[in-house]
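S.K.: Requesting a structural model of the entry that follows:
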Amino acid sequence: MSPSRGTSPSRGALVAGAALTTAATLALVSCGSGDGGGSEPTGDAASSPPAISASPSPTRSYPLSEAPRTIPAVREHTAARGPGWKPSSSGGVVVADGSGALADEARLLAGELELHYRGEAAPRTGDVELSLDEGAKTGAESYRLTVRDGRVTISGPDEAGVFWGTRTLKQSVEADGTFPEGVVNDRPDRPQRGLNLDIARKPYSVDWIEDRLRDLADLKMNQLGLHFSDDQAFRIESRSHPEVVSPDHLSQAQVKQILALAKSLHIEVIPEIDSPGHLGAVLRAHPDLQLRSVSGAASKGSLDISKPGSAKLIDELLDEFTGLFGGKFWHLGADEYQALTVPDPGASYPQLLAAARRKYGDGATIEDLATGWLNDRAAVVRPAGMTAKAWNDGLFSGGTVQADKRIEIEYWTGKEIGAREPEAYLSEGRPVVNLNDEFLYYVLGQPNTFVYPTGKRIYEQWTPLVLRGTRPVPAKYSDQILGGRFAVWGDFPNAQTQAQVAEGIRLPLAATAQKLWVPGKPALSWTAFTALASEIDGRG
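M.R.: Reported below is the predicted structural model:
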């Protein structure tokens, strides 16, 4: 990684300097040593062959290249001498023989850089060639980008890595108009990197969501979480239970459109139906399944999981939406179940305690019943090929029933009832994804103690190991921390417009991308980073 560019001449200045030196050398060769430049030599000089004519013609020299300027920064750049590469009207994008699977990535890049797409063809000067190298052992998201002899070659073991290489090329051209000579070898530090979006409390247009997908792709982020069911609304068309759907919602056709774009950008969409809490929208259509206390008081958003109809309803929704979304992950939620927030859950909700003991034995608790609920829902999504995720405060210590260790823990807080320190989950060998609410939570209206997070604070203080507060967990747990997502929550949905949200998360998202791709302290200062972000975005 190159040091900050603020302390060294710009790439343009270095190239211009080299060109000026070459021009001066040519001028000296042309003029020789005569007094008039073009006058005939006289005397002894006329009888001797001019010494300079015996010298070879000068060749143009270039300074060693610097690393491309991108967000996130590249992990490794091997410098070289040469003019680099820039798009030209004669250039094109091709795919290597046998790499036809990269045709979509090639077409996209050609359109972005205003180049011709020529399909599977031999590369020419000025071209970009995309190539699959299935024998590479560097990881599916890794790539190599080489600029040499007026061409660019981007190769990797998988389509995703090659695509990230095209994002590197695109960003460098956006920032500087060119890509430097040399070789980039690049790969992410963490496999899960993305944005979590609450569309249940605040609806967003399809266009807005698709714009965020494109932003994520350019930042080499590979996940979009969609929290589409909560107390306020259920935001996606359901054909199995249309009665639960809110008036302002996405149709299944619109969801498929979003999914198609996400797939083309190598982004996984992670859907979430939170249960057994945060189900107010569903329960308005099914009040008979609402959890009620011994006094008859309704528990906000809470499902009575002692009733057989509760599992039937949620599982039917899970079956429908796992089929709609497909993909690798399903988020089950499991947080903030109101039955567990009262001083004596068993006394307040005796039906839940009785159900726990019927199912798990005399010593079982309501926490055991909730854990069993989580495990049962994970078993519903697993046959669809999905890994289940859950919020960390939905897993409890001790007890008769333990949460399935295949469930990925999304750690967001240590403040809720039931939440434990990050090490408590990590020491059990559980995989964890970082959504630290003190750095990565953008909560509309800033309720409670939340404030809008700044990119500067993420850039300078947060790392994937900082799961709670500002304290990192021990480095020995690093391999269990799979990555992180920046999260937008709509607690007060009218606090910001869609445009304000997009602008508010722009730099925090870029900072998060940097910290998930490149380990260690960034080379650029925050001031230089923000300036680069503006150049890439066309604001500079």
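S.K.: any idea where the helices of the stretch 401-540 of the chain begin and end?
M.R.: Secondary structure of the stretch 401-540 of the chain (DSSP state H, counting those that start in this stretch): helices located at 422-426, 455-461, 498-517, 526-536.
S.K.: okay, the ones you listed in CSV with mean neighbour count next?
M.R.: Where you see a C-beta, it was placed from the backbone N, CA and C, and this is true even at glycine. Rendered in CSV, the data for the helices of the stretch 401-540 of the chain read as follows (neighbours: other CB atoms under 10 Å):
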stretch, mean neighbour count
helix 422-426, 20
helix 455-461, 18
helix 498-517, 21
helix 526-536, 18
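S.K.: Make JSON lines out of the ones you listed and add distance to residue 238 and mean pLDDT.
M.R.: Output for the helices of the stretch 401-540 of the chain, formatted as JSON lines (distance: least, CB to CB, whole Å; pLDDT from 0 to 100):
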{"stretch": "helix 422-426", "distance to residue 238": "33", "mean pLDDT": "97"}
{"stretch": "helix 455-461", "distance to residue 238": "36", "mean pLDDT": "98"}
{"stretch": "helix 498-517", "distance to residue 238": "24", "mean pLDDT": "98"}
{"stretch": "helix 526-536", "distance to residue 238": "39", "mean pLDDT": "98"}
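S.K.: what's near enough to touch residue 377?
M.R.: In this structure, residue 377 makes contact with 275, 314-315, 318, 332, 388, judged by CB atoms under 8 Å, 6 or more residues apart in numbering.
S.K.: Quick check on those: which are buried?
M.R.: Burial by neighbour count, 16 or more other CB atoms under 10 Å: within the contacts of residue 377 this picks out 275, 314, 318, 332, 388.
S.K.: just these now: which is nearest residue 152?
M.R.: residue 388 (40.9 Å; CB to CB).
S.K.: Which of the three states applies to the nearest residue to the closest one once chain neighbours are set aside?
M.R.: Take residue 388 and drop its neighbours on the chain: the residue closest to it by CB to CB, 6 or more residues apart in numbering is residue 378, 3.8 Å away. Going by DSSP: H, G, I helix; E, B strand; the rest coil, the secondary structure assigned to residue 378 is helix.
S.K.: OK, contacts around residue 421?
M.R.: Residue 421 makes contact with 414, 468, according to CB under 8 Å, 6+ apart.
S.K.: Output the buried ones among the contacts of residue 377 in JSON lines; the columns should cover distance to residue 440, secondary structure and pLDDT.
M.R.: As requested, these are arranged in JSON lines below (distance: CB to CB, whole Å; DSSP: H, G, I helix; E, B strand; the rest coil; pLDDT from 0 to 100):
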{"residue": "275", "distance to residue 440": "23", "secondary structure": "strand", "pLDDT": "98"}
{"residue": "314", "distance to residue 440": "28", "secondary structure": "helix", "pLDDT": "98"}
{"residue": "318", "distance to residue 440": "27", "secondary structure": "helix", "pLDDT": "98"}
{"residue": "332", "distance to residue 440": "20", "secondary structure": "strand", "pLDDT": "98"}
{"residue": "388", "distance to residue 440": "21", "secondary structure": "strand", "pLDDT": "98"}
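S.K.: can you redo those as TSV with distance to residue 151?
M.R.: Converted to TSV, the buried ones among the contacts of residue 377 look like this (distance: CB to CB, whole Å):
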residue	distance to residue 151
275	53
314	55
318	49
332	48
388	45
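S.K.: got a pLDDT number for residue 136?
M.R.: Per-residue confidence (pLDDT) for residue 136: 82.
S.K.: residues touching it, list them.
M.R.: When contacts are taken as CB under 8 Å, 6+ apart, residue 136 is in contact with 142, 144, 155-157.
S.K.: Is it within a helix or a strand, and which one?
M.R.: Take DSSP states H and E as the rule and residue 136 turns out to sit in neither a helix nor a strand.
S.K.: Would you check how far apart it and residue 80 are?
M.R.: When CB to CB, to the nearest Å is applied, the distance between residue 136 and residue 80 equals 21 Å.
S.K.: what about the helices in the stretch 251-400 of the chain?
M.R.: In the stretch 251-400 of the chain, helices defined by DSSP H, counting those that start in this stretch lie at 252-264, 280-285, 308-325, 345-348, 350-360, 366-381, listed in chain order.
S.K.: And the furthest pair within the buried ones among the contacts of residue 377?
M.R.: Within the buried ones among the contacts of residue 377 (distances taken as CB to CB), the two that end up farthest apart are 314 and 388, at 13.3 Å.
S.K.: sorry, back to before: quick one: closest of the helices of the stretch 251-400 of the chain to residue 200.
M.R.: Closest to residue 200 of those, according to CB to CB: helix 280-285, at 7.4 Å.
S.K.: Find out how far the closest one is from the centre of the chain, if you would.
M.R.: 32 Å (CA atoms, centre = their mean, to the nearest Å).
S.K.: ok, now stretch 120-127?
M.R.: Taking the mean C-alpha point of stretch 120-127 and that of its whole chain, the gap between them comes to 31 Å (CA atoms, centre = their mean).
S.K.: same thing with stretch 300-319?
M.R.: The gap between the average C-alpha position of stretch 300-319 and the chain average comes to 32 Å, counting by CA atoms, centre = their mean.
S.K.: What's the end-to-end length of that stretch?
M.R.: For stretch 300-319, the first-to-last residue distance is 25 Å (CA to CA, to the nearest Å).
S.K.: Need the residues that contact that stretch.
M.R.: With CB under 8 Å, 6+ apart, stretch 300-319 has contacts from 230-231, 238, 240-241, 244, 273, 275-280, 282-283, 286, 288-292, 330, 337-339, 351-352, 354-355, 369-370, 373, 376-377, 380-381.
S.K.: Can you select the buried ones among those for me in PyMOL?
M.R.: The PyMOL selection below is limited to those of the contacts of stretch 300-319 classed as buried (16+ other CB under 10 Å):
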select buried, resi 230+231+238+241+244+273+275+276+277+278+279+280+282+283+286+289+290+291+330+337+338+339+351+352+355+369+370+373+377+380+381
